[in-house]
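>>> Dropping a prediction and its sequence here:
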Amino acid sequence: MPRSAHVALILLAVLAAGLALTLLSDIAAPMALALVTGAVLSPLQAFWSRIGLPRAAGAMASLVLALVLVGLIGLLLVPIVQQMVAQAPHVWADLQGVVTELRQMASGLDSMRAEVAPAAADSPSAVPTVTDALLVAPAAMAQLVTFVGTLFFFLLTRDEIYDSIARSQPDSMGRDELATRLRGAERLVSRYFITITLINLGLGVATAAALQALGVESAVHWGALAFLMNYVVYLGPVILTVALGLAGIAAFDGPMAAMPALAYGAIIFVESQFVTPTMVGKRLEMNALLVFVALLIGIRLWGPIGGIVAIPLMLWVSVLAAGKGQA
């Protein structure tokens, strides 16, 4: 086959796969999240085996632990969402004051204000209603069931899955090498995710302490949000900086309004420039462009879930492709 035809065939296959993943996002996204979670929990599953716990019981214990952690994070985030909704009118009023001052400095902002005003008038209708929530509930429940089922059965049968994939190789040496790569990639993904979780935990604690010192309401919940948003590299901190900027406008007057966002920005700078490079190390370093592209593709395909799983999946694939994984 000519090289050009081979390249064209690969591109068509990639496009077809992307289209399929987009159309099946309601199934593919929770399944991908479950696989990444299963890789992260693999050391725990190995621990259950070492102490003699039956495989099914170990898989169930790991699943329950994962669901409890997710539930606790959700409970921590509820107050901050309620606070942001309650403060939305105050924030909007302050922003209108800022826009008015800017209009006096630049008359060209009149057209911008004309576009913003109708959006403000329609904003109450954008708040989700109970009916909207009821309509979304079945889809959310289906995704939860998909996640739970995939995670449980992956934890239960991961060894068989890896052995089955390895048996696709024609020779015994190739099978052994592929099996080693699969388990090594899993360990590397688990190590990466655990390391990032520890970093994010420190980031969340530092953010909560800084906001508490500034007198920001619900500082602990903002810290929990900082912990969670930092899993979506690049975009997560940007979104939280904007949210803290709005919270600062709602809580303070004058230059003090910028302090929550500035304090968080300083913490993020230290984390990204010093803490993460030191803790992650050379072994887990990835090309920044590839990370950014993987993140954009993940979010485009699967939304927030894609942002969380994009980097672990990219790390997994890169380790397998490079023949590494001897972790």
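Arrived safely.

>>> mind listing the helices for this protein?
Using DSSP state H, the helices of the chain run over 3-23, 25-40, 42-50, 55-105, 110-122, 130-166, 172-214, 219-229, 235-251, 259-270, 276-280, 288-302, 304-322.

>>> need these in CSV with mean pLDDT and mean neighbour count, can you?
Any C-beta I mention is one placed from the backbone N, CA and C, and that applies to glycine too. Below are those laid out as CSV (pLDDT from 0 to 100; neighbours: other Cβ atoms under 10 Å):
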stretch, mean pLDDT, mean neighbour count
helix 3-23, 69, 11
helix 25-40, 89, 21
helix 42-50, 90, 15
helix 55-105, 75, 14
helix 110-122, 47, 11
helix 130-166, 81, 14
helix 172-214, 88, 18
helix 219-229, 89, 22
helix 235-251, 89, 19
helix 259-270, 95, 18
helix 276-280, 81, 14
helix 288-302, 83, 17
helix 304-322, 82, 20
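
>>> For T241, see how far away the residue nearest to F193 when sequence neighbours are not counted is.
Closest residue to F193 apart from its sequence neighbours, by Cβ to Cβ, 6 or more residues apart in numbering: V40 at 4.5 Å. Distance, V40 to T241, by Cβ to Cβ, to the nearest Å: 27 Å.

>>> and what of R158?
38 Å.

>>> cool, and L144?
Counting by Cβ to Cβ, the gap from L144 to T241 is 30 Å.

>>> try A29
Distance from A29 to T241, by Cβ to Cβ: 26 Å.

>>> Dihedrals phi and psi, R167?
The phi/psi pair for R167 (degrees, to the nearest 10) reads phi -70, psi -10.

>>> does it really touch R175, like I thought?
Yes - R167 lies in contact with R175 (Cβ atoms under 8 Å); the separation is 6.0 Å.

>>> still on that earlier bit, mind listing what the residue nearest to F193 touches?
Residues in contact with V40 (Cβ atoms under 8 Å, 6 or more residues apart in numbering) are 189-190, 193-194, 312.

>>> same check, this time on A28
21, 301-302.

>>> can I get the residues you listed in CSV with distance to F152?
Output for the contacts of A28, formatted as CSV (distance: Cβ to Cβ, whole Å):
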residue, distance to F152
L21, 22
L301, 24
W302, 21
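
>>> ok, for A32, nearest residue in space, not its chain neighbours?
A32 sits nearest to V309 (Cβ to Cβ, 6+ apart), 4.8 Å away.

>>> cool, and Y162?
Sequence neighbours aside, L182 is the residue nearest to Y162 in space, at 4.5 Å (criterion: Cβ to Cβ, 6+ apart).

>>> how close does the one you found get to M229?
Going from L182 to M229 by Cβ to Cβ gives 31 Å.

>>> Kindly report the same for P170.
From P170 to M229 the distance is 46 Å (Cβ to Cβ).

>>> contacting residues around L151?
Contacts of L151 by Cβ under 8 Å, 6+ apart are 34, 37-38, 63, 66.

>>> what residues are up against L198?
Counted by Cβ under 8 Å, 6+ apart, L198 has contacts M279.

>>> Likewise for F274?
Applying Cβ under 8 Å, 6+ apart, no residues contact F274.

>>> Quick check, pLDDT for it.
pLDDT recorded at F274 is 87.

>>> Pull the distance from stretch 226-235 to the chain's centre.
In this view, stretch 226-235 has its centroid 6 Å away from the chain centroid, taken as Cα atoms, centre = their mean, to the nearest Å.

>>> got it, and stretch 192-209?
The answer for stretch 192-209 is 13 Å, by Cα atoms, centre = their mean.

>>> Make sure A226 is actually in contact with G202.
No - A226 is beyond contact range of G202, at 10.3 Å (criterion: Cβ under 8 Å).

>>> Please report the distance of D253 from I311.
According to Cβ to Cβ, D253 stands 40 Å off from I311.

>>> in terms of contact, does F154 touch A34 like I think?
Yes - taking contacts as Cβ under 8 Å, F154 lies within contact range of A34: 6.3 Å.

>>> Report the contact partners of L290.
M314.

>>> With adjacent residues omitted, what lies nearest to M256?
G248 (7.4 Å).

>>> which residues touch the one you found?
The contact partners of G248, taken as Cβ under 8 Å, 6+ apart, are 216, 256-261.
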